[in-house]
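Visitor: Output the structure for:
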Amino acid sequence: MITNSKNVPNFDLETKKVKKLMQTENKDEMREKILEAALKRFTHYGAAKTTMNEIADDLHCSKASLYYYFPDKNAMHLAALEKIGEAYFQEMEKESRHVKSASKALQRIIEIREVFVKKFCRLEIFKLMRNGSDLLQEEMIKAKKREVALHAAIIKAGVAAGEFKVKHIDQTAELLVQCMMGLRFSVPDHVRQDMELDDELFAKVIEKQKQLLEIFIKGIKA
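Guide: Presented below is the predicted three-dimensional model:
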């Protein structure tokens, strides 16, 4: 009996594909473990005071293993920021997708921001920016656009529900985000060299953002 070779599976090829898939999954899993360990250190001690040796010790692996996944600590620091940033935006985007009250959703965005900044304030994002990370600058631009988009989605939902009266939704959302960002730098009497805020100053910024939002909402109420 003659068998059509086209219909016979190539078991060697399939085995190689499975092995490659498993290696990829294991690699991704290890990368996540490294980032989790790094985040624990960064959020407790600060990124500057954390060494690659300490992260390796926490994971019971060699420092060389870390360099397999990240070329240096700055790269790991940036990856940790991206991981937290994604979690932050996913939390906010939940609010933009399930809007019952647009006013409350906008207030909730500030609350989410407050929780994340308090928890991850030691990640030293401005240190990376000062080091001239082009990739971080690109990510910051993307983050701003993403934040404007989710604010626009909430305002649009408010308009659709008759809660808000806004003609130019995207422009209004952009203005709100820019105002919120501006308070981050204008509330302190002077900006520290590292551009970080202590707990007291951060509380003032959040309070001012809440006050600004209250005025903003009154201005766009239908």
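Visitor: mind checking the SS state of Leu197?
Guide: Of the three states, Leu197 takes coil under DSSP: H, G, I helix; E, B strand; the rest coil.
Visitor: for it, what are its contacts?
Guide: Cys121, Arg184, Pro188, Val205 (CB atoms under 8 Å, 6 or more residues apart in numbering). Backbone N, C-alpha and C define where each C-beta goes, glycine included.
Visitor: Who wins on neighbours among those residues?
Guide: When neighbours are counted by other CB atoms under 10 Å, Val205 leads the contacts of Leu197 with 20 neighbours.
Visitor: Where does Glu214 sit, in terms of helix or strand?
Guide: Per DSSP states H and E, Glu214 falls inside helix 199-220.
Visitor: Quick check: which helices or strands does that helix pack against?
Guide: Counting contacts by 3 or more CB pairs under 8 Å, 6 or more residues apart in numbering; DSSP states H and E, helix 199-220 packs against helix 102-119, helix 169-186.
Visitor: Any idea how many residues pack against Ala75?
Guide: Counted with other CB under 10 Å, Ala75 comes out at 14.
Visitor: Could you find the closest non-adjacent residue to Asn53?
Guide: Lys63 (5.7 Å; CB to CB, 6 or more residues apart in numbering).
Visitor: and the angle for the strand or helix carrying Glu82 with helix 102-119?
Guide: Assessed by DSSP H and E, Glu82 sits inside helix 73-97. Per axes from the mean of the first three to the mean of the last three CA atoms, to 10 degrees, the angle that helix 73-97 makes with helix 102-119 is 160 degrees.
Visitor: List the buried residues in helix 73-97.
Guide: Within helix 73-97, the residues scored as buried using 16 or more other CB atoms under 10 Å are 73-74, 76-81, 84-85, 88-89, 92, 95-96.
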